[in-house]
Structure formats: structure tokens, C-alpha cells
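>>> Based on what follows, work out the 3D shape:
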Amino acid sequence: MNLYRPELPNFFLARAFLFCGTTTRPTAGIMILGENRGCQMNQVLRVAIAGLAALSAAGCLAQSAGQMTKVGELQVKEVNLAEIDTSHVKLAVDLTLTALQSATFESLRLCSLHLNGLPVFAAPLNQEIVLRKGVPTALPPLYVTVLFRDLHTVAPLRKMIENQSVRVDGEMVADVRLTAIEKLALHTQHPTVEIDLAQEVPADTGGTAMERAVALSILGVIDSGLQATAAANNYIPGTKPQWIRDLEANAPANLFAVESSYSLEHGDASDPVVALQLGFRTAPGPVVTTAEALAPWKYDAEFLGAVQSGAVKLVKNSLEIQLRPIGPGDPLRLSAKDFSVDLRGAAEEDNLIAVGGGGHARIQVSRRASPASLAVLTLRAPASPELPAGQAAGVASGLAVAPAAVAAQDAWEHVAVFRLREDPVTRKPSVEVLQMGARREGKGIHLTEPVDAAVFGSPIVTPDGVIGMVQDEQAGAFLPADLGTPAAVPTPAPAH
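Below you'll find the model as predicted:
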């Protein structure tokens, strides 16, 4: 299916434009880009995808995700010191992947990344990466920018420069490029693969001893400042700021993996499709998540085009929403009437044109970054009279909402968001905290660093409480005033 924006030149194709191979063929009235060759195209794309069956569409050989535990050999070649001054250090992480089978990645990200034990954030890489079976492929570098204002210790960086090596731990998660029918066979809108990282690698921290000495002297100055800050704020040097420690300890009890599923019919078969994002509970309000959770197919051009073209049919009343707690607790289901759903506002739309079957049709894809649109899930009142109305048994009291004066600011130097992770075997969800800045942009919030889809639905939290929710890679919506009780007194901003 060829999707494009009519007002743009042909080389500006919609992000949902998916292809494999070089030839095209019409299928079920839409244009599918890809090379079939006897259904072998994706027979070789044997990837382990957490909790999902392997490719089985179009008569290709099905296989279990458990049949292959790795997609290839990932090696961190080197970590390079790209920049260092009194405000930040920028590192480039060079990776090489030798794939067991040919595949195309749409994007990749490093999750739970630690350098010598120091947690760092690497911006996701959103570009096509073509892998050939058995051929080592040098991946584009991923950049890590560490702001000294966010550090609680420079010891890991000092060790890296002194030893000219660094221990890299984390996971690489990549989005796999597939067509709508292939995604349908995997029962997911967002197929991914994950590879663990645990390596000691060389660190290029300067070509001469003089350059390394300069870098170490800068770290020495920063370290003195960190110790003074720790003393002024009454916390132990080498530990995180108190508000981040409190957030890591208390927030998971109020976070949920929001799993939306629906069924699509194609031919005589009917397959479920799953979309996953975050949701959070406010104090003492309901659970808030993105509007996409209520109709995921409307936000995916490939799936929406397939539905409107007749290639697949959306099964009526097949939507199920499940809230899986990040902390302790049992899942809650829409079908069990554990909660009710309410769409606030209307999502803005992008006009696209689907070309195929000898004609074309206009489709309207809902836009994630719609500041006025979000979903509210009101939990069913429990039978126990001890719990407040609207609070389900086993659910925590919720995240504090920032005072109106904090939410009214034009910028926030320190905010935290959460990235959703899921164990590939147990499917138990977990989160990691990412720190960055944010600013007001129009009616919404703009994050200073791009994030990936695993952050969509996360609360945007300041030291004083929640101000909004992440909607796409760098945009968020403000939290409506009626969705929580603001914190009574703002806390002082973190010292620098």
C-alpha cells in the first residue's frame, strides 16, 4: 500500500510507508510493496518477538518465537568522547550487528543503558537500517549526552577516561519493518526485537595524554560542585536527587501497561492485533492514557488503509483494553467492567492517500500529538467501604498533580518520563526513568529530547508533580485540571 501526503513531493512519503524488496504486486485491492518469491521473503526474517507467534501470513512457514533466542551478534565496537565542557559530556556509541537473517529495522534504541554503572539516556535512532544475513553491519552511532546538572557522581566517567575502556550494559530494541498483513500474523502493530548488551569495550577519550588530562580536570571541577550541591541539599554524594529516588520508589504503583487489542478478518481467518503503551493514575483521579488506546488502528496508516480498502475487516466490538499494573496487582479488563472509558477531546487528523487496486482513496489518520485529546479510564468503585469511591482494590492512591503555578510555567528544567519495558518470557511490565527538560509549545508540551513509542502514555513529572502526558516522540499534552488534586506546596527546584 502506497501512502503519501498529496501536498508533498513524492520523496516525502508517510512514515507508515513500509516495504521489503524491490518489486510490487497488488493484493486484496491494495498495493503491497515487497518481493514474494514463493513466500520466502519473510521466511528468512526469523526474529524472536516477545510473546508472539512467528510469521505465518500468506502461506509462509509458521514458527514459534521461542525457536530462535537471538537475531544476531551485537557488538559495541567503541565508545567515543565526542564533546566535553563544563556543562555536559557527549559520547558516541558505535555498534556492529551481524544478523542471522536479512531484515530491515525502522528504528532502534538503547534501553536501560549503563556506562560503568552510570544510568544514561541515548536518544533513539529513527532511520532505516538494512541488514544482510551473515554480513557485519556498522550501525549509525547513537549519541549519549550527559548533562552535569543531572549527575550525582562523575566517578564512572573518570574511570572510563583513566582506563580508556568502559563497561556497557543494557538492551538494544529495534522496530522491524513489516507490511500490515505480516504484522497481523504477529498480532502486533509494533513488532520489535531485543538484544542484550553486556560488554567491556574500548573508549576513545582523546588521542593524547594531554587531552585526557584536560578532560579529567574538567571532571574534577564538576565533582567538587556535585559534592557541594549534595551538602547543600542534605543528600549523600553519589546518590540521586531525592525527588527522583521517590519517583522510582513510588511511581510504579500508579503506572500501568495499557494493552489494547482488536481483531481483523482477512479471508477466512480472524487475528487479534495488540498495541501497548503506558497509563498512569492521578491522585485521587482515574487512569490517564493516550486516546490511541481506544482505537489503535486509527493512528496507524498501514492498518487503517487496509481496513478502508477492504483488504481486512475490523471485527465489530472486538476492542479489549487491559490494565496490567507495573507494581503488584491483578490485571483489570474493560470486558469485565473493571473500568469505564471516556475520550476527552478529538484527535487532529492527517489526510493521506492510499494508492492501489487501480485507484486511490483518501484516508484520515489520527494524529498522536493532539494536545486536546486523551483517554480517561475510571476504575470501578470497590465493594469494600474502606476505599474511596472510584479507587479499585489493590490500586495505589495515585500520582500527585503539580500546582497550577508550576503547570503554567513556560519551561521546566527538570522533568522525568517513564519508558515501558516488558519481560519477553513472563510479559511482566516494568519501567525505567528518563530525565530531560521540557518547554511549553502552543497548547502542548515539547520534550527537549526525542523518545520512542515505549514512552507514549507516560506522565510528564516535575519535582512538584505531574504536568502532562507524552503523546509522541517529542510532544505531550497538559493534564486537565479535573483529573487530580494538585500538591499543596511546591518543593524547591533541584540545585545545580
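>>> and the protein, what are its domains?
Following automatic domain parsing, one finds the domains of the chain at 72-239, 246-251+397-483.
>>> Let me know which of those is tucked in deepest.
Of all the domains of the chain, domain 246-251+397-483 carries the top mean neighbour count, a mean of 19, counting by mean count of other C-beta atoms under 10 Å. Every C-beta, even on glycine, is put in place using the N, C-alpha and C of the backbone.
>>> average pLDDT for that domain?
For domain 246-251+397-483, mean pLDDT rounds to 92.
>>> ditto for stretch 135-150
Here stretch 135-150 scores 84 as its mean pLDDT.
>>> can you give me how far that stretch is from the chain middle?
17 Å (C-alpha atoms, centre = their mean, to the nearest Å).
>>> Which among the domains of the chain is found nearest to V273?
If you check each of the domains of the chain against V273 by C-beta to C-beta, domain 72-239 wins as the nearest, at 5.9 Å.
>>> returning to what we had before: distance to G329 added to the domains of the chain, as TSV?
Below are these laid out as TSV (distance: least, C-beta to C-beta, whole Å):
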stretch	distance to G329
domain 72-239	23
domain 246-251+397-483	11
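>>> For the residue of the chain most remote from its centre, give me the pLDDT.
Note on the chain: the largest separation between a C-alpha and the mean C-alpha position, by C-alpha atoms, centre = their mean, falls on M210 (40.3 Å). Here the pLDDT value assigned to M210 is 80.
>>> Ok, the one 5 residues further on next?
Model confidence at A215, expressed as pLDDT, equals 82.
>>> Surely it is within a strand?
No - looking at A215 with DSSP: H, G, I helix; E, B strand; the rest coil, it is helix, so not inside a strand.
>>> Quick check: the residue farthest from the centre of the chain vs P286, distance?
In this structure, M210 and P286 are separated by 59 Å, where distance is defined by C-beta to C-beta, to the nearest Å.
>>> OK, contacts around the nearest residue to E422 once chain neighbours are set aside?
Leaving aside its sequence neighbours, E422 sits nearest to P429 (C-beta to C-beta, 6 or more residues apart in numbering; 5.3 Å). Contacts were defined as C-beta atoms under 8 Å, 6 or more residues apart in numbering; by that measure P429 touches 256-257, 324-326, 420-423.
>>> I'd like those as TSV, with distance to P403 appended.
Compiled in TSV, the contacts of P429 are given as follows (distance: C-beta to C-beta, whole Å):
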residue	distance to P403
F256	25
A257	29
R324	31
P325	27
I326	26
L420	28
R421	31
E422	34
D423	37
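>>> now for these, which pair is the farthest apart?
Greatest spatial distance in those: F256 and D423, 15.7 Å, computed using C-beta to C-beta.
>>> now the helices for the stretch 151-300 of the chain?
If you assign secondary structure with DSSP state H, counting those that start in this stretch, the helices in the stretch 151-300 of the chain sit at 155-163, 180-186, 209-232, 242-250.
>>> And the ones you listed: which comes nearest G310?
Distances from G310 to each of those were compared by C-beta to C-beta, and the smallest falls on helix 180-186, at 12.8 Å.
>>> Packing partners of that closest one?
In terms of contacts (3 or more C-beta pairs under 8 Å, 6 or more residues apart in numbering; DSSP states H and E), helix 180-186 is packed against strand 255-266, strand 269-281, helix 301-309.
>>> tell me the mean pLDDT over that helix?
Averaging the model's pLDDT scores along helix 180-186 yields 75.
>>> C-alpha coordinates for that helix, CSV please?
In CSV, the C-alpha atoms belonging to helix 180-186 read as follows (Å, rounded to 0.1, in the frame of the first residue of the first chain):
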residue,chain,number,x,y,z
ALA,A,180,0.3,-4.8,7.6
ILE,A,181,-0.5,-8.4,6.8
GLU,A,182,2.8,-9.6,8.3
LYS,A,183,2.1,-7.5,11.4
LEU,A,184,-1.3,-9.1,11.6
ALA,A,185,0.3,-12.5,11.5
LEU,A,186,2.4,-11.4,14.5
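>>> how far is it from where the chain is centred?
Counting by C-alpha atoms, centre = their mean, helix 180-186 is centred 20 Å from the centre of its parent chain.
>>> just to revisit the earlier point, for N317, see how far away the residue farthest from the centre of the chain is.
Using C-beta to C-beta, we find M210 at a distance of 70 Å from N317.
>>> can you check F418 too?
32 Å.
>>> Ok, Q277 next?
22 Å.
>>> So which of those two has more stuff around it?
Of the pair Q277 and N317, Q277 is the one with more neighbours under other C-beta atoms under 10 Å, namely 23 against 9.
>>> got the helices of the stretch 151-300 of the chain as JSON lines, with distance to L139 columns?
Written out in JSON lines, the entries for the helices of the stretch 151-300 of the chain read as follows (distance: least, C-beta to C-beta, whole Å):
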{"stretch": "helix 155-163", "distance to L139": "21"}
{"stretch": "helix 180-186", "distance to L139": "23"}
{"stretch": "helix 209-232", "distance to L139": "26"}
{"stretch": "helix 242-250", "distance to L139": "30"}
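>>> For D342, find the nearest of those helices.
Closest approach to D342 among those is made by helix 242-250 (26.2 Å; C-beta to C-beta).
>>> Send over the closest one as PDB, restricted to the C-alpha atoms.
The C-alpha atoms that make up helix 242-250 are tabulated as PDB, following Å, rounded to 0.1, in the frame of the first residue of the first chain:
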ATOM      1  CA  GLN A 242      15.500  12.800  46.400                       C
ATOM      2  CA  TRP A 243      12.700  13.500  44.100                       C
ATOM      3  CA  ILE A 244      14.000  11.000  41.500                       C
ATOM      4  CA  ARG A 245      14.500   8.400  44.200                       C
ATOM      5  CA  ASP A 246      11.000   9.000  45.500                       C
ATOM      6  CA  LEU A 247       9.600   8.700  42.000                       C
ATOM      7  CA  GLU A 248      11.400   5.400  41.300                       C
ATOM      8  CA  ALA A 249      10.100   4.000  44.600                       C
ATOM      9  CA  ASN A 250       6.500   5.200  44.500                       C
END
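>>> Tell me how far that helix lies from the chain's centre.
When C-alpha coordinates are averaged (C-alpha atoms, centre = their mean), helix 242-250 and its chain have centres 21 Å apart.
>>> Show me what that helix is packed against.
Other elements packing on helix 242-250 under the criterion 3+ C-beta pairs under 8 Å, 6+ apart are strand 429-441.
>>> what lines up beside the strand it packs on in the sheet?
Looking at strand 429-441 with DSSP bridges, its partner strands are strand 411-422 (antiparallel), strand 444-447 (antiparallel).
>>> Dump these to a markdown table, plus distance to R158.
Rendered in a markdown table, the data for these read as follows (distance: least, C-beta to C-beta, whole Å):
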| stretch | distance to R158 |
| --- | --- |
| strand 411-422 | 24 |
| strand 444-447 | 30 |
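>>> still on that earlier bit, is it possible to get JSON lines of the helices and strands packed on helix 180-186 that adds mean pLDDT?
Converted to JSON lines, these look like this (pLDDT from 0 to 100):
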{"stretch": "strand 255-266", "mean pLDDT": "93"}
{"stretch": "strand 269-281", "mean pLDDT": "91"}
{"stretch": "helix 301-309", "mean pLDDT": "83"}
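>>> Out of these, which one sits most buried?
Per-residue neighbour counts averaged over each of these give the maximum for helix 301-309, namely a mean of 23 (mean count of other C-beta under 10 Å).
>>> what's the angle between that helix and strand 269-281?
Going by axes from the mean of the first three to the mean of the last three C-alpha atoms, to 10 degrees, helix 301-309 is angled at 130 degrees with respect to strand 269-281.
>>> chain center to helix 301-309: distance?
Relative to its parent chain, helix 301-309 has a centroid offset of 23 Å by C-alpha atoms, centre = their mean.
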